[in-house]
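K.L.:
Could you work out the structure for the sequence below:
(chains A and B)
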Amino acid sequence: MDQLLIGFMTIMEPMNFLAVFVGVLGGMIIGAMPGLTAPMGVALLIPFTYSMQPVPAITMLVSLYCGATFGGSIAAILVHAPGTPAAAATTFDGYPLAQKGQAGKALGMACISSAIGGLFSVVVLILLAPVLAEIAIKFGPPEYFALAIFGLSMISSLGSKSVVKNLLGGTIGVFIACVGMDSISGFTRYDFGITHLMDGISFIPVMIGLFAATEVFRQAEKGIRKVVIDRKISGLLPSWKDIKSVKTTLIRSSLIGTFIGILPAEGGTVASFIGYNEAKRFSKNPEKFGTGCLEGVAAPECANNAATGGAMIPTMALGIPGSGTTAVILGALLIHGMRPGPLLFIQHVDVVYAVFIGMFLANLMFLGLGLGGAKIFSQILRVPNYVLSPIILVLCVVGTYALHNNMADVWIMLICGLIGYKMKAYGFAAAPIVLGLVLGELIEISLRRSLIVFGNNALVFFTRPWSLAFIILTVLGLCSPAIRSWLEKRGTKKKES
Amino acid sequence: MNKDLRMAIVLMVIFMVLYGISFTFQSSGVMLTHTTAAFFPRVVLLVAMFLTLIMIFQSIRNGPDKAEEKMEKAAFKRVVMSMACAVGLGIGTAYLGTLVSIALFIVAIMLVWGVRSIRAMVLTAVLTPIMIYLIFNKILLVQLPSGILI
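P.N.:
You can find the predicted model right below:
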């Protein structure tokens, strides 16, 4: 409780409060623009935080995460194009509502549901993360290895549709983490005589390249695009009756979103679709879904914002990212000299609780900004992509350079942007590569330490309870897409018969 | 040939080459296998090769692409030229100076994209370097590369 109070006082300092405001505002702007995603926004914002203190820096990033997750619904409702992938399910009922002339009501419901989901998940984060960290403090290298492998196995359901491509992307990410000096033997690997590569490849240029530069090249492929908004936005506040009618949906979606968020690598996109499907399944009027019902907006929006707090739980307590965006946030924590994991709750407890309270405040802030300024945010959609994309690429170059004042990072970023574009064309997603890159070092160190400490005995991973549990979960995680498709096929056959 | 198969073959070759390179890593004679610098990259590359093999089998099983989506010639040109502009921005930043390069890059990429509005071009090309200068140089105190110009 004391820590929460200290966290509250810290966040109320003008600089930190401003950081939350800027983060939420930036997040809503980025989220509102189709094509700009939360991980991209966080990756682009990191360079602006280099010179900041850890509290405002990390709080600004997590606030952007919350703001962008809500912001995605603005474009989803008004122009039928989700601002972020997590808002894809919002288009199903949000856009039909806008077509019926109830765009304001839909935006208001999206805002309120997002805030409720987000606030619920932050409360769970505050309660659960320290407990998880306390358990994890007893973990040794075998447990960490098994946990990181579990986190990596969960990427099979991230981004791209192909499980093999996702896993391959994750493996490529782990391989990139191998470049540079080996921390155990001290010999260099894959540096090809380039001095810069001896220190390894930093996360940030790779993240900025894969998330932001790649998107610019994709926009170039699409060509000039202008968004036309022909909907009038009025009456943003849904009535008390409307809110009461979705009460159960909000509770269900908050629970679903938070739980999905906690699962390593599962993010808001999965949460919103499950939230939507479950709302439809339990609804008294499932036939109304897809035609423009408020429940269809509340369910995915509540779930995807609930996933933000959920995703922060494994990120902060275990050092295993809960989503693509938290993988980038994890990189930012490292940049600011903090290694996420149980020790974070001992060494930087002040920062941890300030970030938690900052996240809570961010959810309240976008509620106010969303209800008060939805009309203004909708105007952002009018900015043409030919103005936005060059500016993003400029920010990529300047931001990457600012990391170490080094042009080599800029070249790495550009190469990653080009590779990311090509890989996307072949169905590979960026998030698994980033997740692999972030987890790569942890996997290597914990594997090799386990083998050294336990006399080269690989059985150690199967004889320790936590480690065995994570390995079983890994196997289940890897088999889950196959089980899911088998169940779907079985369901379809049953329906047909 | 299937698009995925093409990609898988390219990846397999890259992984094999990288695996071969791992034999050139230095190691002290007394080291156990798992303590050498090559141990972990080899494990990762073996996993990657195994997954690529699955990808190859999957793409062979799926057969040739039914109708491969071909990018329009104009779109392809735009992407390649945008990439060239990005590389140009990198080179320009190092040798010409950040702010001048940014302005030139914005004009170039907008022309490549087919923007005809001179007003939009000039405004973006002037305001972006100013914004970058104020934020990075003045607020964040980052010394941007100045090159021979600014």
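K.L.:
quick one: pLDDT of residue A:66?
P.N.:
The predicted local confidence for residue A:66 comes out at a pLDDT of 91.
K.L.:
what does residue B:70 give?
P.N.:
The confidence metric pLDDT takes the value 68 at residue B:70.
K.L.:
do the same with residue A:157
P.N.:
Residue-level confidence at residue A:157 comes out at 58, pLDDT.
K.L.:
Could you list the buried residues of the host helix or strand of residue A:332?
P.N.:
Secondary structure from DSSP states H and E places residue A:332 in helix A:324-335. Within helix A:324-335, the residues that qualify as buried by neighbour count (16 or more other Cβ atoms under 10 Å in any protein chain shown) are A:324, A:325, A:326, A:327, A:328, A:329, A:330, A:331, A:332, A:333, A:334, A:335. (Glycine included, C-beta is placed from N, CA and C.)
K.L.:
Dump it to CSV, restricted to CA.
P.N.:
Output of helix A:324-335 as CSV, limited to C-alpha atoms (Å, rounded to 0.1, in the frame of the first residue of the first chain):
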residue,chain,number,x,y,z
GLY,A,324,4.3,-7.4,-29.4
THR,A,325,4.1,-4.0,-27.8
THR,A,326,5.3,-5.1,-24.4
ALA,A,327,8.3,-6.7,-26.2
VAL,A,328,9.2,-3.2,-27.3
ILE,A,329,8.5,-1.8,-23.8
LEU,A,330,10.8,-4.5,-22.4
GLY,A,331,13.5,-3.3,-24.7
ALA,A,332,12.9,0.3,-23.4
LEU,A,333,13.3,-0.9,-19.8
LEU,A,334,16.6,-2.4,-20.7
ILE,A,335,17.7,0.8,-22.4
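K.L.:
State the next helix or strand along the chain beyond it.
P.N.:
Once helix A:324-335 ends, the next helix or strand along the chain (criterion: DSSP H and E) is helix A:344-347.
K.L.:
Could you pull out the buried residues of that next one?
P.N.:
Under the neighbour-count criterion of 16+ other Cβ under 10 Å, helix A:344-347 has A:344, A:345 buried.
K.L.:
near chain B, anything from the following helix or strand past that helix?
P.N.:
Note on helix A:344-347: by DSSP H and E, the next helix or strand toward the C-terminus is helix A:349-380. No. Contact of helix A:349-380 with chain B (Cβ under 8 Å from any Cβ of the partner chain) is absent, the minimum separation being 16.0 Å.
K.L.:
Tell me how far helix A:349-380 lies from the chain's centre.
P.N.:
The chain centroid and the centroid of helix A:349-380 are separated by 16 Å under Cα atoms, centre = their mean, to the nearest Å.
K.L.:
picking up where we left off before, now do the helix holding residue A:332: everything it contacts.
P.N.:
Counting by Cβ atoms under 8 Å, 6 or more residues apart in numbering or on different chains, helix A:324-335 makes contact with A:38-39, A:42-43, A:46, A:49-50, A:57-58, A:61-62, A:65, A:68, A:158-159, A:203-204, A:207, A:211, A:267, A:311-312, A:315, A:319, A:321, A:339-340, A:344, A:403, A:430-431, A:434-435, A:438, all of which sit outside it.
K.L.:
Enumerate the helices of the stretch 1-150 of chain A by residue range, in sequence order.
P.N.:
Taking DSSP state H, counting those that start in this stretch as the criterion, the stretch 1-150 of chain A contains helices spanning A:2-11, A:14-32, A:38-49, A:54-79, A:91-99, A:103-136, A:141-153.
K.L.:
wait, doesn't residue B:23 sit right on residue B:36?
P.N.:
No. Residue B:23 is beyond contact range of residue B:36, at 10.7 Å (criterion: Cβ atoms under 8 Å).
K.L.:
okay, those two: which has more neighbours?
P.N.:
Using other Cβ atoms under 10 Å in any protein chain shown, the more surrounded residue of residue B:23 and residue B:36 is residue B:36, with 20 against 9.
K.L.:
Would you check that that one makes contact with residue B:26?
P.N.:
No. Counting by Cβ under 8 Å, no contact exists between residue B:36 and residue B:26, whose distance comes to 9.0 Å.
K.L.:
which residues are common contacts for those two?
P.N.:
In the contact map built from Cβ under 8 Å, 6+ apart, the residues linked to both residue B:36 and residue B:26 are residue A:187.
K.L.:
returning to what we had before: now for residue B:23 and residue B:36: what residues contact both?
P.N.:
Common contact partners of residue B:23 and residue B:36 (Cβ under 8 Å, 6+ apart): none.
K.L.:
tell me which parts of the stretch 101-250 of chain A are close to chain B?
P.N.:
Within the stretch 101-250 of chain A, the residues that sit near chain B (Cβ under 8 Å from any Cβ) are A:164-165, A:167-168, A:171-172, A:174-175, A:178, A:182, A:184-185, A:187-190, A:213, A:216-217, A:220-224.
K.L.:
go again using 6 Å as the cut-off
P.N.:
A:164, A:167-168, A:171, A:174-175, A:178, A:182, A:184-185, A:187, A:189, A:217, A:220-221, A:224 (Cβ under 6 Å from any Cβ of the partner chain).
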